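>>> Structural data only, the sequence is not supplied:
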């Protein structure tokens, strides 16, 4: 069975601080995909990034970076120089990869990030 | 390209009334999903469709819930009769493929309040 754990329920940081959101996952599969989604106060869920299990290179996109480590089953998300607009709930998600059919996505419980001006 | 479009954004209804939520997926996406989000249970998958055909409705909580997808550009989620415990945010999402690497594209959600 798949499981995604986001142990940090809520985090508060002051604007311009760096913040890391933790994500730990469990799966029996060797091939799988990891995702991060953002849910701002307006409510919509926005896809941020996808990573497959064979690609452990870290990724950077502007102030966002992702650190994928299979050895620790973690897929952490760092926001550098946080801004008020980063305030949101962030969800980590896991999907197995098999041939044929739909592969169910397992979501973590989310981490609420509050960036204080 | 327009994203997933849901209506209404907010729905307030009385217990026992019928509620219909609507969704227009992204054009060309083969998969459509209905999720429910609550504080207690987080994001729950209710049902999903592939090429307009319901594939897995095991997440639908009760017979009071039903979903249809009459064509590739429209889906409905109906609750009849509604109950206060159905109060939640309901999301529709679509994806290009069903394989694990295809991200979900969510609509803005419908916030349902049943009094």
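Noted; the coordinates are in hand. The model shown is predicted, which means the values in this text are computed figures rather than measured ones.

>>> Give the full set of residues in contact with residue B:2.
The contact partners of residue B:2, by C-beta atoms under 8 Å, 6 or more residues apart in numbering or on different chains, come to B:24, B:26. C-beta coordinates here come from the backbone N, C-alpha and C atoms, glycine included.

>>> again, but for the one 4 residues further on
The contact partners of residue B:6, by C-beta under 8 Å, 6+ apart, come to B:21, B:22, B:23, B:24, B:90, B:91, B:92, B:107, B:108, B:109, B:110.

>>> burial count for the third one?
When counting by other C-beta atoms under 10 Å in any protein chain shown, one arrives at 25 neighbours for residue B:23.

>>> now swap in the first one and tell me
The number of residues packed around residue B:21, counting by other C-beta under 10 Å, is 22.

>>> Any idea what it is bridged to?
residue B:77 (DSSP bridges).

>>> Could you report the distance from it to residue B:95?
Separation of residue B:21 from residue B:95 (C-beta to C-beta, to the nearest Å): 19 Å.

>>> do the third one as well
If you measure residue B:23 against residue B:95 using C-beta to C-beta, the figure is 13 Å.

>>> just the second one next, same as before
When distances are taken as C-beta to C-beta, residue B:22 and residue B:95 turn out to be 19 Å apart.

>>> who has more neighbours, those two?
More crowded of residue B:22 and residue B:95, by other C-beta under 10 Å: residue B:95, with 22 against 16.
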